[in-house]
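Novice: the following comprises the amino acid sequence and a computationally predicted model.
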Amino acid sequence: MPRVHTWIMITVVPLLLLGFFVAGWIPDPIVGSPQWHFYIVTITAILLALVAWFMALAAMQVRDLRVTFLALAFLGTAGIFLAHAITTPQALIPHTNSWVGFSARFCLVVASVFLALSTNSWSRKIESRLIGYQRRAFIIAALLLVGYNLVAFTSSMMPPAPAGPQFSFLANSQLHSVLTSLTLMSLAFTGWRYLQRYRARRSPLVAGLLAATIFFAQTQIVIVSTVVWHASWWFYHFLLFAAFVAAGSDWPMSMRAAAASPT
């Protein structure tokens, strides 16, 4: 169970490190290359997708709507993050494109919305009805993610049109601001709800989900505060991975206990 100093490290240290980068108190050199980004993010996204899929399998065993939304949150994040990898310019894609930056932000929107839904206490009538569509929901989500990656990859491979790259609206700064605001508001609500639950019952699973919510929020803050390819920019990739580790740290044990408990 995390102690007070652990929560301080989770909450404060990443933001302090970001502040040191932005203020110029520590060096923030350009690090890596497009090829390096492609390989690292692709491998990370595949590992995250495997973890998310195991969460989905566990959700179908437990048949709890809140667990279903958690699984969809992490499955969606992993799938869209994969698009962030495969659309890296100068790796597989020869052109600058709008998908790579948009996907980094959009995966956080998906995560934050489904995490917020996972905190709600649903009535038995609604839960039993929605649980009946659980398997279909995961299949549809997987197909949508495959389609998203195919559209992102194929459209990014096409040469830019004279009027500008295809899907150029995805790079619109106002759209990015809306996505950022939606993500942070949803994560603030989610963090508040999980904090209430953690105070009421200090469950390791809830602690992990609260920590994951904090890491997701820090990821969004780093994205909007840093410059591409600098060391500070790579930091958000680490925080996104940390969110998955935090959320999944007690997942197998908690799911086994939930499946074994009488309903």
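Specialist: Everything's here; your move. Quick caveat: nothing in here was measured; it's all calculated off a predicted structure.
Novice: where do the strands sit along the chain?
Specialist: Assigned by DSSP state E, the chain shows no strands.
Novice: least trustworthy helix or strand in it by mean pLDDT?
Specialist: Sorting the helices and strands of the chain by mean pLDDT, DSSP states H and E puts helix 251-260 at the bottom, at a mean of 53.
Novice: pLDDT wise, what is the most centrally placed residue in the chain at?
Specialist: By Cα atoms, centre = their mean, the chain has its centre lying nearest to Thr77, at 4.1 Å. Thr77 is assigned a predicted lDDT (pLDDT) of 94.
Novice: what sits against it?
Specialist: Leu48, Ala52, Cys107, Leu108, Val110, Ala111, Leu240, Phe244 (Cβ atoms under 8 Å, 6 or more residues apart in numbering). Yep, even glycine has a C-beta here, placed from its N, CA and C like the rest.
Novice: surely the fifth one is in contact with Phe81?
Specialist: Okay, so that is Val110. No: when contacts are counted by Cβ atoms under 8 Å, Val110 is not listed as touching Phe81 (9.8 Å).
Novice: between those two, which one's more packed in?
Specialist: More crowded of Val110 and Phe81, by other Cβ atoms under 10 Å: Phe81, with 27 against 22.
Novice: separation between Val151 and Pro94?
Specialist: 18 Å (Cβ to Cβ, to the nearest Å).
Novice: so the two - more neighbours on which side?
Specialist: Taking neighbours as other Cβ under 10 Å, Val151 and Pro94 compare with Val151 leading, 14 against 11.
Novice: give me the pLDDT value at the more buried one.
Specialist: On the pLDDT scale, Val151 is placed at 93.
Novice: so what's it up against?
Specialist: Residues near Val151 by Cβ under 8 Å, 6+ apart: none.
Novice: and for Leu210?
Specialist: Leu210 makes contact with Gly191, Tyr194, Leu195, Tyr198 under the criterion Cβ under 8 Å, 6+ apart.
Novice: hmm, which two among these are most spread apart?
Specialist: Using Cβ to Cβ, these span at most 10.0 Å, a distance reached by Gly191 and Tyr198.
Novice: if we can go back for a sec, so which of the contacts of Leu210 are in helices?
Specialist: The helices, defined by DSSP state H, take in Gly191, Tyr194, Leu195, Tyr198 from the contacts of Leu210.
Novice: buried members of the residues you listed into PyMOL, please.
Specialist: Buried members of the ones in helices among the contacts of Leu210, defined by 16 or more other Cβ atoms under 10 Å, are picked up in PyMOL with:
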select buried, resi 191+194+198
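Novice: export the ones in helices among the contacts of Leu210 to a markdown table and tack on pLDDT and distance to Thr119?
Specialist: Putting the ones in helices among the contacts of Leu210 into a markdown table (pLDDT from 0 to 100; distance: Cβ to Cβ, whole Å) gives the following:
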| residue | pLDDT | distance to Thr119 |
| --- | --- | --- |
| Gly191 | 95 | 9 |
| Tyr194 | 93 | 6 |
| Leu195 | 92 | 10 |
| Tyr198 | 90 | 12 |
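Novice: that's all I had, so thanks and see you.
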